[in-house]
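Visitor: Quick one: sequence and predicted model below, then my questions.
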Amino acid sequence: MKFSVDKRENVVVYELLDEKLNSMNAPVLKSELVLANAEGYKNVIVDLDKVKFVDSSGLSALLIGHRLCKDEKGIFALCGLNDSVKGLIKISQLDDVLHIYSTQHDAENALDKKKKK
């Protein structure tokens with residue numbers, strides 16, 4: 001799986017560069033999310049702008065990230081979702097569970113606001 005990682009003081013941003021998040025590469029994302037959690041990061045943004053397809057394994061990786069952040073009282077945010085990925089999340093009834101933003105900038109602003117509360 002190709003991705004970029006930007007580790008900052010209070011958030012890790014993963015920008016996925018593959019068009020698919022599926023059973024072939026989802027384990028890599030899961031490992032990265034577990035590693036970030038072990039390093040003490042409780043806020044994560046996953047930018048799916050370049051991802052055009054997500055299967056159940058990809059969705060599972062995202063849910064693991066959500067659970068890890070939630071357990072640490074942090075925020076797991078998704079951004080850049082196309083209509084297909086939004087549809088999968090809606091059909092899976094996870095649109096009320098996951099924090100979804102249009103852009104990485106919007107996700108970062110939301111994290112900043114939640115930190116100040």
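Guide: Yep, it's here.
Visitor: Is residue 6 located within a strand, as I assumed?
Guide: Yes - in this structure, residue 6 lies within a strand as judged by DSSP: H, G, I helix; E, B strand; the rest coil.
Visitor: what bridges to it?
Guide: residue 13 (DSSP bridges).
Visitor: thinking it is in contact with residue 12, fair?
Guide: Yes - with contact defined as CB atoms under 8 Å, residue 6 and residue 12 form a contacting pair (7.1 Å). C-betas here are computed from N, CA, C, even on glycine.
Visitor: neighbours around residue 113, how many?
Guide: 9 (other CB atoms under 10 Å).
Visitor: which other helices and strands contact the helix or strand harbouring it?
Guide: Taking DSSP states H and E as the criterion, residue 113 maps to helix 104-116. In terms of contacts (3 or more CB pairs under 8 Å, 6 or more residues apart in numbering; DSSP states H and E), helix 104-116 is packed against strand 12-16, strand 44-47, strand 76-79, strand 99-101.
Visitor: That helix to strand 12-16, inter-axis angle?
Guide: 160 degrees (axes from the mean of the first three to the mean of the last three CA atoms, to 10 degrees).
Visitor: Enumerate the positions of helix 104-116 that are buried.
Guide: 104, 107-108, 110-111 (16 or more other CB atoms under 10 Å).
Visitor: would you turn these into TSV with distance to residue 27?
Guide: Formatted as TSV, those follow (distance: CB to CB, whole Å):
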residue	distance to residue 27
104	24
107	24
108	27
110	28
111	26
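Visitor: out of these, which one sits closest to residue 78?
Guide: Lowest distance from residue 78 to the buried residues of helix 104-116 (CB to CB) belongs to residue 107, with 7.7 Å.
Visitor: My guess is that closest one contacts residue 98. True?
Guide: No - the criterion here is CB under 8 Å, and residue 107 misses it with residue 98 at 11.4 Å.
Visitor: Now tell me which helix or strand of this structure has the poorest mean pLDDT.
Guide: helix 104-116 (a mean of 87; mean pLDDT, DSSP states H and E).
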